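1. sequence and predicted structure below; questions after.
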Amino acid sequence: MRLSRYFLPVLKNTPAEAQIVSHRLMLRAGMLRQEAAGIYAWLPLGHRVLRKVEQIVREEMDRAGAVELLMPTLQLADLWRESGRYDAYGAEMLRITDRHEREMLYGPTNEEMITEIFRAYTKSYKALPLNLYHIQWKFRDEQRPRFGVMRGREFLMKDAYSFDIDEAEGRKSYDRMFVAYLRTFSRMGLKAIPMRAETGPIGGDLSHEFIVLAQTGESAVFLDKRYLDLPIPGADIDYQSDLTPIVDEWTHRYAATEDVHDTARYEAETPEYQRITARGIEVGQTFFFGDKYSRAMNASVQGPDGAEHFPQMGSYGVGVSRLLGAIIEASHDEVGIIWPDTVAPFGVGIVNLRPGDAACDSVCESAYAALTSAGREPLLDDTDDRPGGKFATMDLIGLPWQLIVGPRGVAEGTVELKRRATGERQTLSLDAALKAIGA
RNA sequence: CGGAGUGUGGCUCAGUCUGGUAGAGCACCGCGUUCGGGACGCGGGGGUCGCAGGUUCGAAUCCUGCCACUCCGACCA
């Protein structure tokens, strides 16, 4: 992409409404535009990152055996009356009436609809286990939206729903999602720790919130420091194998949010020098809730014994749009964002310090072509801004690499390569620089 | 939902107390000089001062009502 043809409205001033660093940086970097309280337009740069985060979530869900579909944002109220949640949900649900006076709602979640789809087609235990997911916009009419995309009213969420014949099988489905979440967040450069959460109606310990430690997090958390250094399962993990050792490793020590915090237990289980009290951002959560919805909505399958069984269900959410805020909270400095390579909107920024200078233009075009064909997604700054402004923009939007092309270096056959994360710069030949970036 | 604020050009803000021709910086357009970490000169475009009523010879400014947004708290399957 050429910056002169792109749409990147960066701001020098920080908009007054932004209180936390991720919100400020997203506005300043031209990623986001607020249209109403808690409702945002995703500008091109923000949209690119959103898509990359979404794709990582999708790949890890697919790897774990979940199957993607797409449900609508609007749902019929009658569906929610089947589970009893239409009246129970309260003011957070955005209710709409269509031209025929039918009551509808903008979905805050999809347990009812997925159960309706499941029961329409699935009659046999042989179809289980089944895990269906989608990545779709949700709306929850928060009383007080804040912190940009961290707590918006409209937000992009991945929600998966598992169906199993019995509780033991349901536990295996839960564990697959648990491991998939470890991998998902790790790939985005985040340390997300699963923490004990309020359990569903079935009790037990089958609910976890995955929390990224950050000073601006909304909840206080208490955990054993040793969680921070645990290994993440590799891409070759066998989801058909017994995953309980991994889940046990990630759950046997203390980690809890303040809602369920038990000081006595914390101090008994965790040596003082291993305790961390911090704040955290919830980026995902897993629930196992048994037959709550399958029974209420009469979604049964016939088992090997010939009897009708209500499938054991779980639901698994990831706040896709919130993740952008969490990533920035975890990875920025005083001048801008520092994107992890895996989610960066562009792989490298090429800075032409003297557009119109034949030699500079030529080197930039060569680099642009080579990086494009290598799939490194370059963003070429071919504008006539001042050099200082170009550097500031590149640092603000946080691309992993900057390739700086100026008349001084070009005369000597060199360019400058800068790594955003470390600030390290080296002067190299163009070929050596391209090789270092991976082109 | 309780409490507290703020609405003036794309952004940050002054002007409101004490009514009298709407301002600054940044951004934007033109010309020129510049050019390796947010340049400079000259010229220029852009605002029903959140909305509606009221008071007044005259309202961004005073009064009433409404709306939007922000912050603190409560809430957050």
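-> Okay, I see it.

2. make it CA atoms for all contacts and neighbour counts henceforth
-> Will do.

3. surely residue A:141 meets residue A:90?
-> No - contact between residue A:141 and residue A:90 fails when scored by C-alpha atoms under 8 Å: they sit 9.8 Å apart.

4. the two: which is more packed in?
-> Higher neighbour count among residue A:141 and residue A:90: residue A:141, with 20 against 10, using other C-alpha atoms under 10 Å.

5. for the more buried one, give its distance to residue A:37.
-> 10 Å (C-alpha to C-alpha, to the nearest Å).

6. list residues touching both of the two?
-> Common neighbours of residue A:141 and residue A:37, using C-alpha atoms under 8 Å, 6 or more residues apart in numbering, are residue A:153.

7. what's the distance between the closest residue to residue A:11 other than its chain neighbours and residue A:46?
-> Spatial nearest neighbour of residue A:11, chain neighbours left out: residue A:28 (4.6 Å); criterion: C-alpha to C-alpha, 6 or more residues apart in numbering. Residue A:28 sits 11 Å away from residue A:46, going by C-alpha to C-alpha.

8. how near is residue A:217 to residue A:90?
-> Distance from residue A:217 to residue A:90, by C-alpha to C-alpha: 26 Å.

9. now do the SS call for residue A:287.
-> Taking DSSP: H, G, I helix; E, B strand; the rest coil as the rule, one finds residue A:287 in the strand state.

10. quick check: beta-bridge partners of it?
-> On the basis of DSSP bridges, residue A:287 is bridged to residue A:207, residue A:315.

11. from residue A:155, how far out is it?
-> 20 Å.

12. all the helices of chain A, residue numbers only.
-> A:21-28, A:44-63, A:77-83, A:85-88, A:111-121, A:167-187, A:244-251, A:263-269, A:292-296, A:320-330, A:358-373, A:387-397, A:407-412, A:430-437 (DSSP state H).

13. and the stretch 251-400 of chain A, which residues reach RNA strand B?
-> A:285, A:317, A:353-354, A:384, A:386-393, A:395-396 (C-alpha under 7 Å from any atom of the strand).

14. which one of the residues you listed is nearest residue A:105?
-> residue A:317 (19.7 Å; C-alpha to C-alpha).

15. residues contacting that closest one?
-> Applying C-alpha under 8 Å, 6+ apart, the residues near residue A:317 are A:157, A:158, A:159, A:160, A:284, A:285, A:286.

16. now do the phi/psi pair for the closest residue to RNA strand B within the stretch 1-150 of chain A.
-> Using C-alpha to the nearest atom of the strand, residue A:15 is the residue of the stretch 1-150 of chain A that sits closest to RNA strand B, at 3.2 Å. Backbone torsions for residue A:15, taken as degrees, to the nearest 10, come to phi -60, psi 140.

17. neighbours around it, how many?
-> Quick note: residue A:15 (other C-alpha under 10 Å) scores 13 neighbours.

18. which residues touch it?
-> Per C-alpha under 8 Å, 6+ apart, neighbours of residue A:15: A:24, A:27, A:28.

19. how about CSV for those, with neighbour count, pLDDT and distance to RNA strand B added?
-> Below are those laid out as CSV (neighbours: other C-alpha atoms under 10 Å; pLDDT from 0 to 100; distance: C-alpha to the nearest atom of the strand, whole Å):
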residue, neighbour count, pLDDT, distance to RNA strand B
A:24, 21, 92, 10
A:27, 23, 94, 9
A:28, 23, 95, 8
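
20. which of the residues you listed lies closest to residue A:244?
-> Looking across the contacts of residue A:15 and measuring by C-alpha to C-alpha, the closest to residue A:244 is residue A:24, at 41.1 Å.

21. which parts of the stretch 101-250 of chain A are strands?
-> Using DSSP state E, counting those that start in this stretch, the strands found in the stretch 101-250 of chain A span residues A:103-106, A:130-139, A:154-164, A:192-196, A:207-213, A:219-224.

22. contacting residues around the closest residue to residue A:209 other than its chain neighbours?
-> Leaving aside its sequence neighbours, residue A:209 sits nearest to residue A:285 (C-alpha to C-alpha, 6+ apart; 4.3 Å). Going by C-alpha under 8 Å, 6+ apart, residue A:285 touches A:207, A:208, A:209, A:210, A:316, A:317, A:318.

23. how near is the nearest residue to the fourth one once chain neighbours are set aside to RNA strand B?
-> Nearest non-adjacent residue to residue A:210, counting by C-alpha to C-alpha, 6+ apart: residue A:194, 4.3 Å away. To RNA strand B, residue A:194 is 15 Å away according to C-alpha to the nearest atom of the strand, to the nearest Å.

24. what about residue A:80, distance to residue A:104?
-> 10 Å.

25. looking at the two, which one has more neighbours?
-> Using other C-alpha under 10 Å as the criterion, residue A:80 and residue A:104 rank with residue A:80 on top: 21 against 18.

26. quick check: residues of the stretch 1-150 of chain A near RNA strand B?
-> Checking the stretch 1-150 of chain A against RNA strand B by C-alpha under 7 Å from any atom of the strand, the hits are A:11-19, A:36-38, A:108-109, A:142-147.

27. the residues you listed, buried ones only, as a ChimeraX selection?
-> Listed next is the ChimeraX selection for buried residues among these, using 16 or more other C-alpha atoms under 10 Å:
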select /A:11,18,38,108,109,142,145,146,147
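
28. how many residues are close by residue A:252?
-> Neighbours around residue A:252, by other C-alpha under 10 Å: 10.

29. now do residue A:284
-> So residue A:284, with other C-alpha under 10 Å, has 25 neighbours.

30. setting aside sequence neighbours, what's the nearest residue to it?
-> residue A:318 (4.2 Å).

31. ok, now which ones touch that neighbour?
-> Contacts of residue A:318 (C-alpha under 8 Å, 6+ apart): A:157, A:158, A:159, A:283, A:284, A:285.

32. which of those residues lies closest to residue A:342?
-> Distance to residue A:342 across the contacts of residue A:318 (C-alpha to C-alpha) is lowest for residue A:283, with 17.3 Å.

33. can you report how many residues lie near the closest one?
-> 25.

34. distance check, it against residue A:103.
-> Where residue A:103 is concerned, residue A:283 sits at a distance of 32 Å (C-alpha to C-alpha).

35. could you do residue A:286 as well?
-> When residue A:286 is compared with residue A:103 (using C-alpha to C-alpha), they lie 30 Å apart.

36. so between the two, which is more surrounded?
-> A side-by-side neighbour count of residue A:286 and residue A:103, using other C-alpha under 10 Å, places residue A:286 first with 26 against 14.

37. surely the more buried one is in contact with residue A:209?
-> Yes - with contact defined as C-alpha under 8 Å, residue A:286 reaches residue A:209; the gap is 6.5 Å.

38. not counting its neighbours along the chain, what's nearest residue A:21?
-> residue A:329 (6.6 Å).
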